[in-house]
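Trainee: this one's sequence-less:
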């Protein structure tokens, strides 16, 4: 009986010591200076901003290559051919 009481008291002591974490700052100043720590902008988290930047960069790069193709006249076949032109892109012009 003494052994089980000793083990229970050691377990309660261990839970009490481990359950306390003094590394977290819960002061009023710390809480009021970081009211929404998970948000980077007004409505988005940092991961949302990163995803929006990736989508925008990808779209800008694709538009750039479209512009290069149009400026070098590579976006459509030559109209100087005496034969009918078959459009293989699925988008008739």
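Mentor: Sure thing, it's come through. Nothing here was measured: the structure is a model prediction, and the numbers come from that model.

Trainee: can you tell me the element the residue nearest to the spatial centre of the chain falls in?
Mentor: Taking C-alpha atoms, centre = their mean, the centroid of the chain lies closest to residue 47, which sits 2.9 Å from it. Assigned by DSSP states H and E, residue 47 belongs to helix 46-71.

Trainee: now for that helix, which elements pack on it?
Mentor: In this structure, helix 46-71 packs against no helix or strand, with contacts taken as 3 or more C-beta pairs under 8 Å, 6 or more residues apart in numbering; DSSP states H and E. The way it works is simple: take the backbone N, C-alpha and C, and place the C-beta from them, glycine included.

Trainee: start the count at 11 instead of 1 going forward.
Mentor: Done: numbering now begins at 11, and the last item shifts to helix 56-81.

Trainee: average pLDDT for that helix?
Mentor: Mean per-residue pLDDT for helix 56-81: 93.

Trainee: now find how far off-centre that helix is within its chain.
Mentor: Its chain's C-alpha centre and that of helix 56-81 lie 16 Å apart, by C-alpha atoms, centre = their mean, to the nearest Å.
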